[in-house]
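Trainee: need a 3D model of the sequence below.
(one chain, ligands or ions: 1)
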Amino acid sequence: MIKRRAFLRNGVLGAGALLVSKYSSFAWAASAGAGSKIEILPDEPLGMISANLYGHFAENLGGVIYDGIWVGQNSSIPNIDGIRKELVEHMRTIKAPVIRYPGGCFADSYDWRDGIGPADRRPRRTNFWEGVETPNSPKTHKYDPNQFGTNEFIHFCKLIGSQPYLAANLRSLPAEEFYRWVEYCNSPAGSTTLADTRAAAGYADPFQVRFWGVGNESWGCGGNFTAQEYAVEFRRFTTWVPHFGQELSFIASGPNDDSWEWTRSFLEEIVRKGPGQLPSIYGLALHYYAWNLSRGRTRDWNTGKGDALKFDDVDWYELFRQGDVMESLITGHWQIMGEVDREHQIKLVVDEWGPWYRPGSEMTPGDILEQTPTLRDAVFSAMTLDIFNQHPEKIAMANCAQLINCLNSLYLAHEDKFCVTPVGHVFAMYSAHQGGQSLRTLFSAPRVHYDRDGKPASFAGLKGSASLHDKVLVLTVVNPHVSETCDAEVAIPGAAIKSGTAITLAASDLHAHNSFDQRDVVVPLTKALENRKPVLTYLFPAASVTKLTLTLE
Ligand code: AHR
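Mentor: Residues are numbered from 1 along each chain as shown. Coordinates of the predicted model:
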């Protein structure tokens, strides 16, 4: 391991079958992390990585929809039928597979009928979030104009090539309105009055919406139910929903982080009517935000949060420590689900995840829940996606919270200004995993040790995941160390590497981030790997995310 600052220079990897030539700007050294090894096991497939693990979440909240996605047809900002063009283009390149909308907590207050029909006749409503908006919030937030509704959302998805995932209101609308929303979206052209209404808006063909959330956080903002009460509601809402020939996949409101009891009680109540109820549930939604950076001092939601931009090395590691919890939540809830659902017919849907900081880093003042993602959030996001890749049999979908102008956003936008955040770059790099066969991958590297307010703490030296796509192997790796590179051998027993490329996201400053004025502070850099010897060694820069794309013989 070598100090980061001392090696901010061009350099070469020494002996390496795939020799990496010059790599400017980042910390390289020949012998750092000696003895580190990444072993990819082609004989141990873990399952196919669903593209939907790379999903998104766009809630009608702050600047996400209005200003972020929707700029309006008459805007001077380049748009496609009112939808921000630059956003659509970027989302196409990352192969965004699925988008959840309209919430979040907003979903359980939303009347989908407000957002259909001629735009100039749609009702203006009180902003659901008005209680937390600030006096300087942009006026586009003051009232809800309902200009972006079901039609516009589906159009947005179609422009990108994403599947829609609609979250239905279980708290404040009756089940009948859920059925009607399904009817509006999915009934064939000319078949129902709602299909005619859809056609009158220019959408004769059914939207074919498959994914439906049945409430959101029903243990909290979605109705404050007990798990048993919610299970009864879930059965009622999902019984006899018209299908119109479209497979419907219902996603139940699941636990908040480690609320094991919610998972157990919900499923026990569901099967009180018999195990035949289980197939009615496609996924159980797990929400997990990494927010507590208090180093164990408090569990208070407000005082426990950290700052998005101002942090020290310990805060850097503490965020990853929080992020690491995701894996134990996946395996823990999965085990409990198996107690009731022995054949694991129900999968996990992690439809809200990401770091959540205290207010203060908003790029657009007044945008509630907006934060500025840094290199730290890129490393965090990469680690989380690697965790998902390693559990492909358990997770059917995951949705980063949230797409734009919000928590762990891929993009920030305001009026005509736009930038891709370091998180957006990670999604671009990791899209190569979609549809691949996940392979068991073993990482062995010296652990990172740090001082957690007088108590010793440590973190894995390297983390990552690998997937195989015919003859192409995609390996993603994070080196979380704030200052030391890690030189690791990459071994693939039984396989030989023909050629490869490396893409790395790193920066000399842990706090580095992109902004409207400086859009390219943190950008991935690509290098070809040179094949010289039978063993690949790679020097992973400090505080970095790397993707190696290796073509096998
Ligand atoms: O993502 C922001 C909010 O966090 C969502 O509205 C809610 O579901 C969660 O608590």
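
Trainee: what's the closest non-adjacent residue to whatever residue of the chain ends up closest to the ligand?
Mentor: Residue nearest to the ligand within the chain (Cβ to the nearest ligand atom): Gly104, separated by 2.8 Å. From N, CA and C alone the C-beta is placed, and that goes for glycine too. Nearest residue to Gly104, sequence neighbours excluded (Cβ to Cβ, 6 or more residues apart in numbering): Glu59, at 3.7 Å.

Trainee: which SS class is Thr551?
Mentor: Following DSSP: H, G, I helix; E, B strand; the rest coil, we place Thr551 in the strand state.

Trainee: that one bridge partners, please.
Mentor: Beta-bridge partners for Thr551, by DSSP bridges, are Val472, Ser499.

Trainee: pLDDT score for the residue of the chain closest to the ligand?
Mentor: Looking at Gly104, its pLDDT reads 97.

Trainee: ditto for the one 5 residues further on
Mentor: In the predicted model, Ser109 carries a pLDDT score of 97.

Trainee: all numbers from here: first residue = 237
Mentor: Understood, numbering begins at 237; the last thing we discussed is Ser345.

Trainee: got a list of what it touches?
Mentor: Neighbouring residues of Ser345 by Cβ atoms under 8 Å, 6 or more residues apart in numbering: Phe364, Asn405, Arg407, Ser408.

Trainee: which of these count as buried?
Mentor: Phe364, Asn405, Arg407 (16 or more other Cβ atoms under 10 Å).

Trainee: counting by contacts, list what the longest helix seen in the chain packs against.
Mentor: As assigned by DSSP state H, the longest helix anywhere in the chain is helix 549-576. Helix 549-576 is packed against helix 496-506, strand 519-526, strand 583-591, helix 611-625, strand 684-688, strand 691-695, with contacts defined by 3 or more Cβ pairs under 8 Å, 6 or more residues apart in numbering; DSSP states H and E.

Trainee: the same query, at a cut-off of 6 Å, please.
Mentor: For helix 549-576, the packing partners by 3 or more Cβ pairs under 6 Å, 6 or more residues apart in numbering; DSSP states H and E come out as helix 496-506, strand 519-526, helix 611-625.

Trainee: let me know which of the ones you listed is the nearest to Ile276.
Mentor: helix 611-625 (12.2 Å; Cβ to Cβ).

Trainee: can you name the next helix or strand after the closest one?
Mentor: strand 631-637 (DSSP states H and E).

Trainee: which of the helices and strands packed on helix 549-576 is buried the deepest?
Mentor: Neighbour counts (mean count of other Cβ atoms under 10 Å) averaged over each of the helices and strands packed on helix 549-576 peak at helix 611-625, with a mean of 27.

Trainee: would you mind putting the CA coordinates of that helix into PDB?
Mentor: C-alpha atoms of helix 611-625 as PDB (Å, rounded to 0.1, in the frame of the first residue of the first chain):
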ATOM      1  CA  LEU A 611     -16.900  10.500  -5.200                       C
ATOM      2  CA  ARG A 612     -17.900   9.000  -1.900                       C
ATOM      3  CA  ASP A 613     -21.400   8.400  -3.200                       C
ATOM      4  CA  ALA A 614     -20.100   6.900  -6.300                       C
ATOM      5  CA  VAL A 615     -18.000   4.300  -4.300                       C
ATOM      6  CA  PHE A 616     -21.000   3.700  -2.100                       C
ATOM      7  CA  SER A 617     -23.300   3.100  -5.100                       C
ATOM      8  CA  ALA A 618     -20.800   0.800  -6.800                       C
ATOM      9  CA  MET A 619     -20.600  -1.300  -3.600                       C
ATOM     10  CA  THR A 620     -24.300  -1.500  -3.300                       C
ATOM     11  CA  LEU A 621     -24.700  -2.600  -7.000                       C
ATOM     12  CA  ASP A 622     -22.000  -5.200  -6.400                       C
ATOM     13  CA  ILE A 623     -24.000  -6.500  -3.400                       C
ATOM     14  CA  PHE A 624     -27.100  -6.800  -5.600                       C
ATOM     15  CA  ASN A 625     -25.000  -8.600  -8.300                       C
END
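
Trainee: other residues contacting that helix?
Mentor: Applying Cβ atoms under 6 Å, 6 or more residues apart in numbering, the external contacts of helix 611-625 come out as 285, 289, 552, 555, 559, 562-563, 591, 631, 634, 644, 658-659, 662, 666, 669, 674, 699-701, 714, 741, 743, 746, 748, 758, 781.

Trainee: so what's the gap between it and the chain middle?
Mentor: 9 Å (Cα atoms, centre = their mean, to the nearest Å).

Trainee: circling back: burial of the residue nearest to Gly340, as a residue count?
Mentor: 27 (other Cβ atoms under 10 Å).

Trainee: contacting residues for the residue positioned nearest the centre of the chain?
Mentor: For the chain, Cys636 is the residue whose C-alpha lies nearest the centre (Cα atoms, centre = their mean; 2.3 Å). Contacts for Cys636 (Cβ under 6 Å, 6+ apart) come out as His292, Gly590, Asn644.

Trainee: can you rerun that using 7 Å?
Mentor: Residues counted as contacts of Cys636 (Cβ atoms under 7 Å, 6 or more residues apart in numbering) are His292, Phe293, Trp589, Gly590, Asn644.

Trainee: check contacts around the nearest residue to the third one once chain neighbours are set aside.
Mentor: In this structure, Trp589 finds its nearest non-sequential neighbour in Tyr524, 5.5 Å apart by Cβ to Cβ, 6+ apart. Taking Cβ under 7 Å, 6+ apart, we find Tyr524 in contact with Asp493, Met562, Leu565, Val586, Trp589.

Trainee: dump those residues to CSV, plus neighbour count.
Mentor: Putting the contacts of Tyr524 into CSV (neighbours: other Cβ atoms under 10 Å) gives the following:
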residue, neighbour count
Asp493, 17
Met562, 22
Leu565, 22
Val586, 30
Trp589, 27
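
Trainee: other residues contacting the host helix or strand of Met327?
Mentor: If you go by DSSP H and E, Met327 is part of helix 321-329. Residues outside helix 321-329 that contact it (Cβ under 7 Å, 6+ apart) are 305, 314-316, 395-397, 640, 647, 649, 654, 656, 660, 664.

Trainee: ok, 8 Å please
Mentor: By Cβ under 8 Å, 6+ apart, helix 321-329 touches 292, 304-305, 313-316, 392, 395-398, 640, 646-647, 649, 654, 656, 660, 664.

Trainee: now which of those residues would you call buried?
Mentor: Among the contacts of helix 321-329, those classed as buried by neighbour count (16+ other Cβ under 10 Å) are 292, 304-305, 313, 315, 392, 395-396, 398, 640, 646-647, 649, 654, 656, 660, 664.

Trainee: in strands, which of those appear?
Mentor: His292, Asn315, Tyr647, Ala649, Phe654, Val656 (DSSP state E).

Trainee: what residues does the protein put near the ligand?
Mentor: Residues of the chain found near the ligand (Cβ under 6 Å from any ligand atom) are Glu295, Gly339, Gly340, Cys341, Asn452, Glu453, Glu588, Leu605, Ala637, Gln638, Leu643.

Trainee: could I get these as CSV with distance to Phe414 and secondary structure?
Mentor: As requested, the residues of the chain next to the ligand are exported to CSV (distance: Cβ to Cβ, whole Å; DSSP: H, G, I helix; E, B strand; the rest coil):
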residue, distance to Phe414, secondary structure
Glu295, 19, coil
Gly339, 15, coil
Gly340, 17, coil
Cys341, 17, helix
Asn452, 13, coil
Glu453, 17, coil
Glu588, 21, strand
Leu605, 27, coil
Ala637, 23, strand
Gln638, 23, coil
Leu643, 27, coil
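
Trainee: let me have those residues in a markdown table, extended by distance to Glu369.
Mentor: A markdown table is the format used below for the residues of the chain next to the ligand (distance: Cβ to Cβ, whole Å):
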| residue | distance to Glu369 |
| --- | --- |
| Glu295 | 14 |
| Gly339 | 16 |
| Gly340 | 15 |
| Cys341 | 14 |
| Asn452 | 20 |
| Glu453 | 20 |
| Glu588 | 21 |
| Leu605 | 11 |
| Ala637 | 19 |
| Gln638 | 17 |
| Leu643 | 16 |
